[in-house]
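**Student:** generate a structure from the sequence data that follows.
(4 chains)
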There are 2 protein chains.
Amino acid sequence: MTASSTKASPPAARRRRKNNPESVRADILAVATREFSEKGLSGARIDEIAEKTQASKRMIYYYFNDKETLYLHTLEAAYQKVRLQEAELDLDHLAPLEALSRLVRFTFCHHAKNPDFIRLVMIENIHHGRFLAQSELIQSLNAGVIDVLSNVYSRGVEEGCFREGLDPRELHWLISALSFFNVSNQHTFSRIFDWHQAAPENQQKLEDHVTDMVLRYVRPD
Amino acid sequence: MTASSTKASPPAARRRRKNNPESVRADILAVATREFSEKGLSGARIDEIAEKTQASKRMIYYYFNDKETLYLHTLEAAYQKVRLQEAELDLDHLAPLEALSRLVRFTFCHHAKNPDFIRLVMIENIHHGRFLAQSELIQSLNAGVIDVLSNVYSRGVEEGCFREGLDPRELHWLISALSFFNVSNQHTFSRIFDWHQAAPENQQKLEDHVTDMVLRYVRPD
DNA sequence: GACTGAACGTACCATTTCGTACATTGTTGA
DNA sequence: TCAACAATGTACGAAATGGTACGTTCAGTC
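**Tutor:** Numbers count the residues shown, from 1 in each chain, chains lettered A, B, ... in the order given. Purely as a prediction, here's the structure:
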């Protein structure tokens, strides 16, 4: 309308179509992540995802076959991203107590900074984990998580700063529970108890309490 | 078709319509609770709720104005039911340590036995607690919950079996987090770590750990 | 028994929503 | 250069879905 008109303007702002499969795919996935995590599988709309994308609806069905497959890929991508971040954590050179403390704080903060991921997991639980069950990828990704904690814990037991008899898997469960709940139930909890849970000072307090709680739980005596 | 035919059979299995507003309303609410908690606000279908009801779809719109209002009433009813159950708990005659232990175990078991309620709260959080915010009923219902815990805690501090300086609201947060997560993330956690979390023996273990964790957290030293 | 408003059933409508048919353009290798 | 396939745009279809119009029956009142 404004500048170059029909089709004889080759190089300029003509915006000729340019095939770029990977970026289109990534774009769709990014938008889908936002939409699904915000509205759930049934609440999200393919048309709306398409609109918010550079691509068209056709492309969604071209790269992902249907809504559920798109959702599954969204879930997988989210888990992959998480594992990548977790991999950066290097605890082996730290003393057990320091390492555990670092791990708890990392988990707490990580969840707090990635509400999209938390919400996807919530949504997946609403669906009874039926999509996660289909994904071998996610299953394999999560195998190593316990190992890290297990390693720290057994070192701590050896050095006498952790008490014996705890199951690393259950320890992980406790840490996850506290960190997860902080994001998943923030809205209802804040409203019911009239407490601005998301406020930085309250987040800091909760992080401290959670860390404190875990450390008190594992210490001898 | 089979027995009495047209309209001249008054008393028998003719199944004459019988007005019963309260029971119809309750029926709708019960079915809606199951459907919403299972599939979420957007996932649940009015037609399906109607089918599973003794009543017709028309009745849903007659008693509840639209889908969202029905959902809100479902949520309110769920919270009311919970508070009724909680009210049965009488802790004042127990020693602080015993009282707190009892409270934690009660919360843990209660959540485990009421997955519908937990799922509704999850769903409500997906919606940013926007419906809960509309309900003065729920707000008022939850006011007293902290008081019970607060009472137990301050008695414990006086008697020297709890350490000072803890905020009852935050203590409640910790107990809720552990009890809630046990239900909310059961599916993903079980699948990822190949661990049948719902199995009675594992539930018992978790209940013990959670209780233990809270008690260790509050004890002096 | 007539009357009235509440309680209820049936059929239907308008829109949304997932998905696809079909045509078109870009890209790559022989 | 040109075939062949990958990538993309446009328009549309069929079913699902929230909600309503309209009529009928029940139950209490005069």
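**Student:** quick one: end-to-end distance for stretch A:134-146.
**Tutor:** End-to-end distance for stretch A:134-146, by CA to CA, to the nearest Å: 21 Å.
**Student:** which residues are in contact with it?
**Tutor:** A:72, A:75-76, A:79-80, A:83, A:86, A:132, A:168-169, A:172, B:191-193 (CB atoms under 8 Å, 6 or more residues apart in numbering or on different chains). No exception for glycine: its C-beta is placed from N, CA and C like everyone else's.
**Student:** now distance to B:S150 and neighbour count too, for these, in JSON lines please.
**Tutor:** Below are the contacts of stretch A:134-146 laid out as JSON lines (distance: CB to CB, whole Å; neighbours: other CB atoms under 10 Å in any protein chain shown):
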{"residue": "A:L72", "distance to B:S150": "45", "neighbour count": "21"}
{"residue": "A:L75", "distance to B:S150": "40", "neighbour count": "27"}
{"residue": "A:E76", "distance to B:S150": "44", "neighbour count": "19"}
{"residue": "A:Y79", "distance to B:S150": "40", "neighbour count": "23"}
{"residue": "A:Q80", "distance to B:S150": "44", "neighbour count": "13"}
{"residue": "A:R83", "distance to B:S150": "41", "neighbour count": "14"}
{"residue": "A:E86", "distance to B:S150": "38", "neighbour count": "17"}
{"residue": "A:L132", "distance to B:S150": "39", "neighbour count": "24"}
{"residue": "A:P168", "distance to B:S150": "35", "neighbour count": "17"}
{"residue": "A:R169", "distance to B:S150": "34", "neighbour count": "15"}
{"residue": "A:H172", "distance to B:S150": "31", "neighbour count": "20"}
{"residue": "B:R191", "distance to B:S150": "38", "neighbour count": "20"}
{"residue": "B:I192", "distance to B:S150": "37", "neighbour count": "21"}
{"residue": "B:F193", "distance to B:S150": "36", "neighbour count": "16"}
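**Student:** taking those, tell me the two that lie furthest apart.
**Tutor:** Farthest apart among the contacts of stretch A:134-146 by CB to CB are A:L72 and A:P168. That separation is 29.1 Å.
**Student:** for chain A, which residues are neighbours of DNA strand D?
**Tutor:** For chain A, the contact set with DNA strand D under CB under 7 Å from any atom of the strand comprises A:R17, A:N19, A:N20, A:P21, A:V24, A:A55, A:S56, A:K57, A:R58, A:M59, A:Y62.
**Student:** returning to what we had before: please list the members of the contacts of stretch A:134-146 that lie in helices.
**Tutor:** The helices, defined by DSSP state H, take in A:L72, A:L75, A:E76, A:Y79, A:Q80, A:R83, A:E86, A:P168, A:R169, A:H172, B:R191, B:I192 from the contacts of stretch A:134-146.
**Student:** which residue is the nearest non-sequential neighbour of the last one?
**Tutor:** What that stands for is B:I192. Setting aside the residues directly before and after it, B:I192 is nearest to A:N142 in space (CB to CB, 6 or more residues apart in numbering or on different chains), at 4.5 Å.
**Student:** neighbours of the one you found, how many?
**Tutor:** Other residues near A:N142 come to 20 when the count uses other CB atoms under 10 Å in any protein chain shown.
**Student:** now swap in A:D208 and tell me
**Tutor:** Neighbours of A:D208 under the rule other CB under 10 Å: 12.
**Student:** can you read off the pLDDT for it?
**Tutor:** For A:D208, the model assigns a pLDDT of 97.
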